[in-house]
Structures are given as structure tokens and as C-alpha cells.
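Asker: Build the 3D model from these lines:
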Amino acid sequence: MAAPAFVAKLNEQLGHEFAAHQQYIAIAAYFESLTMPRMAALFYQQALEERDHAMMMVQYLLDADETPVIPGIGAPTVGFADIVAPVAAALAQEKRVTEQINELTRVARESNDFASDQFMQWFIREQVEELSKMSDLLAVVTRSKDDYERIEDWVAREETSSQDDPTAPPIAGA
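Answerer: This is a model prediction of the structure:
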């Protein structure tokens, strides 16, 4: 059984993950509107990853014999001042998620909930990768904000197809 405090925080995190999913779709659509298909594809993929993170959490709650509570979420930001703004927003979002994941881990540890602590380790590693990815992308977009093709070329060069991670928690419904 998962610690009640951890279950409450993980249910709260479901909302954050689903909100991140929608925000990344909005960012992808923004880049689609600028005819930047590689940037759009990158953010569509990010959206899928956030949805999968939420579904991993749903599956963990189900496996722990807990009831997932799927919250309603607010609308994402859809208007951006310039090409840098959505990437800066994505990096800020990843920083918030990192804080949330760290807090979930702290709650699990303080509750002596070792299974939940173990579950969170994959997410900690994932956040290191996400912060690095968005930091690099922000640097490139900031530097090349007037040259969309240069940004698209960088994404094409740097983005590799994501492969299944055998260490990832199971995804509900997959």
C-alpha cells in the first residue's frame, strides 16, 4: 500500500501531467501555424510523453489498490509573443515538474513508502533529460529566433526517434 500522503500528492500530480500534455499540444499547434513541422513534431512528442507519464501514475495507483482521481484542468496558453516564448514556457514548466517530482519523492521517503520512492526514481532521471533538452532548445531558439530554417535544421539534427525505455513504469491502457 502506498502512503496516504503520497497517494494524495500523486493524484494532484496527475493534473499537472495532463496540463503539461495540453500545453505541449498548444505549443505544437503554434509551431504548426508558423510552418515549422519539426518543432511541431518535437512538441507533439513531448505531449505524448506527458500523457504517458500521467498514465504511468494512474497505473501505479491502480497497482497500489488506490483510486486514481482524474482532475479537471485549466486551458493552456495558446498565444505567444514570439518564437522564444513557447520554448521558455516549456522550460519553466519542466522546472516546475522537477520540483513536483522531487516533492513526491520527499513525501514517499518521509512516509517510509519505499515502493513509491522506487517508482519516483524513473521520473527523477526523466526530468534531468527534459531540463537539458528544453535548456538546449531555448538557447538555440533564442540565438536563431529570426531564422526559422536554422531552428528546424537543428531540431532535425539533434532529435532522435524515442525508443521504448524498458525501465519505464507501465502505462495504464497500453
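
Asker: Now do the contacts for the residue nearest the centre of the chain.
Answerer: Geometric centre of the chain, nearest residue: Glu50, 4.1 Å, by C-alpha atoms, centre = their mean. Contacts for Glu50 (C-beta atoms under 8 Å, 6 or more residues apart in numbering) come out as 17-18, 20-21, 24. Where C-beta positions appear, they are placed from N, C-alpha and C, glycine not excepted.

Asker: Remind me which helix or strand it belongs to.
Answerer: Secondary structure assignment for Glu50, by DSSP states H and E: helix 37-63.

Asker: buried ones in that helix?
Answerer: For helix 37-63, burial by neighbour count (16 or more other C-beta atoms under 10 Å) applies to 38-44, 46-47, 49-61.

Asker: same thing with stretch 70-89?
Answerer: Residues of stretch 70-89 classed as buried by neighbour count (16+ other C-beta under 10 Å): 73, 76, 80, 83, 86-89.

Asker: Can you give me the end-to-end span of stretch 63-80?
Answerer: Its first and final residues considered, stretch 63-80 spans 40 Å by C-alpha to C-alpha, to the nearest Å.

Asker: Just give me how far it sits from the chain centre.
Answerer: 12 Å (C-alpha atoms, centre = their mean, to the nearest Å).

Asker: Next: stretch 2-18.
Answerer: Mean C-alpha position of stretch 2-18 versus that of the full chain (C-alpha atoms, centre = their mean) differs by 15 Å.

Asker: going forward can the numbers begin at 17, since that is how I track them
Answerer: Renumbered: residue one is now 17, and that last one reads stretch 18-34.

Asker: average model confidence for it?
Answerer: If you average the pLDDT over stretch 18-34, you get 97.

Asker: which residues are in contact with it?
Answerer: Residues outside stretch 18-34 that contact it (C-beta under 8 Å, 6+ apart) are 66-67, 69-70, 73-74, 76-77, 80, 82, 84-89, 112-113, 116-117, 119-120, 123-124, 126-129, 131-132.
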